[in-house]
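>>> Predicted structure and sequence below. I'll ask about it afterward.
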Amino acid sequence: MMENMEIPNSWKICSIDLLLDELEDGRIIHHGWSPRCKTHASPSDEIWGVLKTTAIQDGEFLGEHNKELPNQLKPRPNLEVKNGDILLTCAGPRNRCGVACYVRETRPRLMISGKMYRFRTRPQVVDPKYMEAFLRSRIARDAIDRMKTGISDSGLNLTHGRFKRLEVPVAPLLEQKRIVEKIDELFSELDAGVAALERAKANLKRYRASVLKAAVNGSLTADWRAKHPKVEPASQLLERILAERRHKWEEEQLAKFEAAGKKPPKDWEKKYKEPEPPLMEELPELPDGWCWSSVDQLCDVATGTTPSRGRLDYYENGSIPWVMSTAVNDPLIVNGTEMVTERALEETSLRLYPIGTLLIALYGEGKTRGMVSELKIAATINQALGALVFHESSECIRAYLKQFLWSRYLELRRKAAGGMQPNLNLGLVRQIAVPLPPVGEQVEIVRDVEEALTQIDAAQHAVHCSEIRSARLRQSILKVAFEGNLVPQDSNDESAKELLARITNKCEAEQTKKAHKAKAKPKKRIKIPKQVFENRAAVVSYTVQRLTSSQSFGRIQLLKTMHLAQCHLGIEMGFSFERYEAGPFDAAIYPLEKVAIKEDWFTTKERKRYGVTYHPGEKIDEMCQKAVEFLGEKKPELDQLLDHIAEMNTDEAELFATAYAAWNDLLLDDRSADDDAIIEEIYAWHEKKKKFTPDVIQKRLAWMRRHKFIPVGLRPGTSKATESERRSK
């Protein structure tokens with residue numbers, strides 16, 4: 001990542017895992033836990049909470065973003081966030097995975113969730129604020145972005161193994177502190193500017209709302225009314241609209257009778273249903289010349305549909321625009337989301353709506369519901385949209401009605417009915433009460449509002465551009481900082497290379513000292529109860545008898561089988577498996593072999609190709625019978641496992657058990673356990689595990705899933721064996 005990056009001679013680039021300090025349990029990174037929590041935040045410091053990912057913002061920790069841990073679940077204190085921690089999101093959408101912040105202050109009893117990491121820097125090597133600043137830089141964000149895995153930008157993951165390889169440009173420790181001080185100074189100035197921009201945005205939003213409100217309550221055009229006292233009142237306009245609608249209905253009915261060759265029945269005109277007026281008792285008084293009407297009185301209200309997706313002839317080579325609810329996020333609709341065919345229009349309830357039709361989103365994601373837009377093309381729509389179609393006499397009110405509905409956006413959203421995802425419906429839209437001004441005043445309102453909104457839009461665009469410049473400037477500061485050009489270098493500072501070499505040598509000396517102590521004091525093997533040993537010996541003997549005919553069956557396959565039997569099937573035999581070159585191993589097999597030879601259960605042979613192999617003895621049947629009694633209902637499951645092992649060679653059995661153990665250990669550590677993480681864990685097991693390519697490992701993992709060999713985090717996991725123990729094997 002940093003190959004082409006130029007840094008001062010006193011700096012050094014190294015992977016982040018060398019810069020992290022050990023946490024309370026000896027790990028350098030904690031991966032959180034995601035239990036099923038309550039929907040609300042923890043109400044006090046005395047009650048545990050689990051952080052939401054929104055608690056981690058770019059350079060800012062928001063501890064109030066948490067969910068209360070239920071009483072029946074035990075907290076995990078080792079995951080508690082503390083002052084001085086650095087937190088990083090490790091799962092979520094692309095723009096939210098990899099966000100970091102330094103915890104300057106936090107309340108007690110807050111735990112990290114499974115979508116975040118917690119770690120600390122080694123204070124004698126890296127200032128934590130320096131690390132936070134680097135993780136916020138575009139250099140680090142781009143590098144982390146390349147490490148993410150997943151099939152969709154909406155759900156990505158950052159594994160331990162990949163993150164540990166992140167390269168960090170490390171400055172001398174004293175220079176780090178000078179860099180942090182300078183960044184804080186420059187960022188404080190930027191923060192003040194951003195705060196001013198936020199205030200401006202809020203003021204513009206309020207101004208927009210006040211303009212729209214003034215437009216529809218008459219205060220915006222009070223002077224115009226004073227200058228034009230003699231105009232046609234809106235009530236007469238409403239009467240013309242209603243009369244035209246009735247007349248058009250009558251013409252349509254007469255045309256139908258004529259086409260059918262029938263005479264109109266008596267009192268057929270009475271079947272006309274007048275549009276519902278608004279409920280006047282709930283409405284305030286209006287200025288002179290205005291009147292209340294409903295959307296139902298002013299225009300036809302209808303909706304669309306989604307033609308069957310199974311009918312390709314409804315979509316292929318379609319030429320008619322078909323609009324969905326997301327389109328109303330734009331004030332004018334000039335393109336269809338998709339195209340449908342003439343056949344779809346003929347055979348379904350689709351209707352072609354004319355240019356000028358207003359569309360209102362009945363439901364949709366985010367803030368779409370309640371949005372209003374205008375069709376600038378003739379188009380069909382889906383069922384998530386309501387269409388307001390105007391008649392000749394009501395054409396004049398379209399622009400005003402659109403502005404009115406914009407002013408009622410929040411009110412419309414509150415009117416929506418339903419549970420988890422409330423929706424509008426055509427009935428609610430028809431009932432919307434509209435304060436209707438005279439035609440001339442409508443024209444004045446539309447002109448004044450458009451002029452004001454144009455000015456507001458221009459101001460908002462300027463604020464938006466300033467925000468972008470601020471973000472770019474922030475990144476420019478970080479870029480200059482981590483290229484070594486923000487503050488001057490001091491030749492008296494101990495270089496990062498010297499510092500890291502000194503710290504590394506000190507750590508190596510401490511590790512060597514610990515190793516000598518461990519060697520001087522041999523590890524004592526825990527003596528297991530006699531019954532446990534007999535059960536273990538019985539299962540081993542049973543396995544030997546079942547698999548002895550397999551040419552490659554030997555000690556490696558036996559130990560791998562015992563690991564899977566104990567860790568997957570839950571057959572408790574008291575084994576304590578450690579990480580050896582060939583996979584999970586327990587040296588307890590050696591004394592068991594000696595007893596087996598002495599008791600004539602089975603014998604061993606050393607073969608060049610397969611190492612130690614096993615061969616049944618005279619008394620193995622007695623042990624097999626004991627195994628059957630001990631296994632009980634577990635016997636069929638063990639038999640099935642042995643059938644699988646019998647079909648494998650030594651390498652396949654080794655990979656099977658190693659993959660299972662690595663996967664299980666990840667779960668026990670509350671770490672991500674996707675394929676990439678499992679592969680990294682296998683490679684971290686021993687350098688010789690790289691004989692298995694990622695493709696081979698993924699095929700084995702797929703096989704394990706098909707055959708239900710899926711770990712659940714069953715204890716105990718595997719532990720790391722010492723070099724002396726490895727050699728003794």
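Cool, got the structure.
>>> where exactly do the strands run in the stretch 101-250 of the chain?
Under the criterion DSSP state E, counting those that start in this stretch, strands of the stretch 101-250 of the chain are mapped to 110-111, 116-119, 149-152, 155-157, 167-170.
>>> weakest of these in terms of mean pLDDT?
Least confidently modelled of the strands of the stretch 101-250 of the chain is strand 149-152, at a mean of 81 by mean pLDDT.
>>> So what are the sheet partners of that one and their directions?
Note on strand 149-152: by DSSP bridges, its sheet partners are strand 155-157 (antiparallel).
>>> Check what contacts the strand it pairs with and list those residues.
With contact meaning C-beta atoms under 8 Å, 6 or more residues apart in numbering, strand 155-157 is reached by 90-94, 97, 148-150, 672, 674, 676-677. C-beta coordinates here come from the backbone N, C-alpha and C atoms, glycine included.
>>> okay if I get those as a markdown table plus neighbour count, secondary structure and distance to Pro123?
As requested, these are exported to a markdown table (neighbours: other C-beta atoms under 10 Å; DSSP: H, G, I helix; E, B strand; the rest coil; distance: C-beta to C-beta, whole Å):
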| residue | neighbour count | secondary structure | distance to Pro123 |
| --- | --- | --- | --- |
| Cys90 | 29 | coil | 24 |
| Ala91 | 24 | strand | 28 |
| Gly92 | 21 | strand | 30 |
| Pro93 | 14 | coil | 33 |
| Arg94 | 14 | coil | 32 |
| Cys97 | 25 | coil | 28 |
| Lys148 | 20 | coil | 29 |
| Thr149 | 15 | strand | 32 |
| Gly150 | 17 | strand | 34 |
| Ser672 | 24 | coil | 28 |
| Asp674 | 15 | coil | 33 |
| Asp676 | 20 | helix | 31 |
| Ala677 | 22 | helix | 29 |
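>>> Leu428: which of those is nearest?
Nearest to Leu428 among the contacts of strand 155-157: Pro93, at 32.7 Å, using C-beta to C-beta.
>>> Show the contacting residues for the spatially closest residue to Arg671 that is not a sequence neighbour.
Closest residue in space to Arg671, ignoring its immediate chain neighbours: His31 at 4.4 Å, by C-beta to C-beta, 6 or more residues apart in numbering. Residues in contact with His31 (C-beta under 8 Å, 6+ apart) are 90, 112, 114, 116-117, 160, 669-672.
>>> rerun that using 7 Å as the cut-off
Residues counted as contacts of His31 (C-beta atoms under 7 Å, 6 or more residues apart in numbering) are 114, 117, 160, 669-672.
>>> Glu622 too?
Glu622 makes no contacts at all, as judged by C-beta under 7 Å, 6+ apart.
>>> which secondary structure element contains it?
helix 620-631 (DSSP states H and E).
>>> next structured bit after that helix?
Reading on from helix 620-631 to the C-terminus, the next helix or strand found by DSSP H and E is helix 635-646.
>>> Distance check, the spatially most central residue of the chain against Tyr117.
Geometric centre of the chain, nearest residue: Gly92, 2.3 Å, by C-alpha atoms, centre = their mean. For Gly92, the distance to Tyr117 (C-beta to C-beta, to the nearest Å) stands at 13 Å.
>>> How many neighbouring residues does Phe577 have?
Residues within reach of Phe577, counting by other C-beta atoms under 10 Å, total 23.
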